Structures are given as structure tokens and as C-alpha cells.
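Enquirer: The sequence and its predicted three-dimensional model are supplied below.
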Amino acid sequence: MPLRAPDFAHFPEFCDLLADYEPGELHGSGFWGDRQPVLTTEGYRAWVEELLAEGDESLPAREGRVRCSYFWITDDDGTWVGFLALRRTLNDFLLEEGGHIGYSVRSSRRREGHATRALRDALGEAAALGLDRVLVTCDDDNAPSARTIESNGGTYEDSRNGKRRYWIRTHS
Ligand SMILES: CC(C)(COP(=O)(O)OP(=O)(O)OC[C@H]1O[C@@H](n2cnc3c(N)ncnc32)[C@H](O)[C@@H]1OP(=O)(O)O)[C@@H](O)C(=O)NCCC(=O)NCCS
């Protein structure tokens, strides 16, 4: 399984991973807006706690955020190579631009099929949550992400605000 639930035991790998990303590439990590990486053990722990809380139906949803399941993308050896977020519902912004699923792979491990496999498994997770189809988007000029979506059966609907919007059925 390329997808693993976030856990508290991987702070050194986390630092190594983040050093392998350019600013703005951390899709699927939960880092955006007022939540930015803090490279201390306390900062790491707080981030993992927040990620787990966002997926926990027994806790109140964070203001402005929809309920979301986060995963860490791993290779066959279990090495952490990227991030994936599965948003369980869409708000207005997500319907227009963000979609249900976001992901990224560290730059040194790209073009190995990790994103394609991770998105495939995320479709199974979405089906288990009761979603019949998911919206996945990418920038108009993001050819690797467009290929990732198309390889997973994405049907192009339209482009809005510079984003290509695809729907993928979770049940074949
Ligand atoms: C987009 C991204 C997640 C792809 O991850 P990846 O693990 O390299 O993707 P894969 O190895 O599964 O490759 C997916 C497809 O893109 C193609 N591809 C990958 N990198 C490419 C590149 N630089 N140029 C052209 N095609 C590329 C692959 O050949 C593959 O196509 P194929 O199935 O026809 O062979 C990765 O480039 C990334 O993290 N980018 C920064 C964050 C980002 O853009 N996230 C997506 C936001 S929508």
C-alpha cells in the first residue's frame, strides 16, 4: 500500500523530505495558509495532531476547512516519499479549483509512478467513504499531474481560473 496514515514517529524523515521540496509544492500535506512547517519535534507533533484531528468526525471541524483524511505516500520499502490529502466534501473553492484530492512527491523521487499509484489507492479510500466520484484538479501547465489524473480515469470537464478539472469515478 503506498498510502500510510500520519504518525508521530518520523520527525527526521520529515525534515529530510521537506528539504526536497520547492516552496509551493507541498500539495496534500496540509501546509497552506496559516499552517506552515515548523522544523522542531514539537512543531512536527502539532502538525500530525492537526492532520489526525481533521479526519476525526468526533472532533469539531476546523473553521473554513472541510473534513479531510491525510496520507503519507510511501515506496515499496515503506520510505516516505510524499503527501496526499483526501477531502471528504467540497466547499465552493474546492468545487471550483481545489478538488477532493491533492498530492505531491518529493523531487528526488518523481517519475517513479508514486503519484499514479497513490491516486489509484486514494480512489479506493474515497469509495470506502461513500464517494462515487471525486474531483481532481491541476494547474493548466502541470503536465505530470494531468497525466497522473488521466492515467487514473479522469474525465476532463473544464478549466476554471487556470485549473484543469477532472472527475474520476471511484467504482469501475
Ligand atoms: C505531479 C507530481 C505529484 C507527479 O508525481 P510523480 O510521482 O512524479 O508522478 P508519476 O511518476 O506517477 O508520473 C505521472 C505521469 O506524469 C509523467 N511525468 C512525470 N514527471 C514528468 C515531467 N517532468 N514531464 C512530463 N511528464 C512527467 C509520467 O511519465 C507519468 O506519465 P505516464 O503515466 O504517461 O508515464 C509531482 O511532479 C509533484 O509532486 N509536483 C509538485 C506538486 C504538484 O504539482 N502536485 C500536484 C498538484 S495538482
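Expert: Received, thanks.
Enquirer: anything in the helix or strand hosting D158 near the ligand?
Expert: D158 belongs to strand 155-160 when elements are defined using DSSP states H and E. No: Strand 155-160 is not in contact with the ligand by CB under 6 Å from any ligand atom; minimum separation 13.0 Å. Glycine gets a C-beta too; all of them are placed from N, C-alpha and C.
Enquirer: out of everything not next to it in sequence, what's closest to L52?
Expert: Leaving out its chain neighbours, the residue that sits closest to L52 by CB to CB, 6 or more residues apart in numbering is P6, at 6.2 Å.
Enquirer: again with L39
Expert: Nearest one to L39, counting by CB to CB, 6+ apart, is C15 at 5.6 Å.
Enquirer: buried ones in the helix or strand hosting the one you found?
Expert: Element membership of C15 [criterion: DSSP H and E] is helix 11-18. Residues 11, 14, 17 are the ones in helix 11-18 that count as buried (16 or more other CB atoms under 10 Å).
Enquirer: Could you find the closest non-adjacent residue to the second one?
Expert: By that I understand F14. Residue nearest to F14 in three dimensions, not counting chain neighbours: Y44, with 5.5 Å by CB to CB, 6+ apart.
Enquirer: if I pick the one you found, what's in contact with it?
Expert: Under the criterion of CB atoms under 8 Å, 6 or more residues apart in numbering, the neighbours of Y44 are 8, 11, 14, 38.
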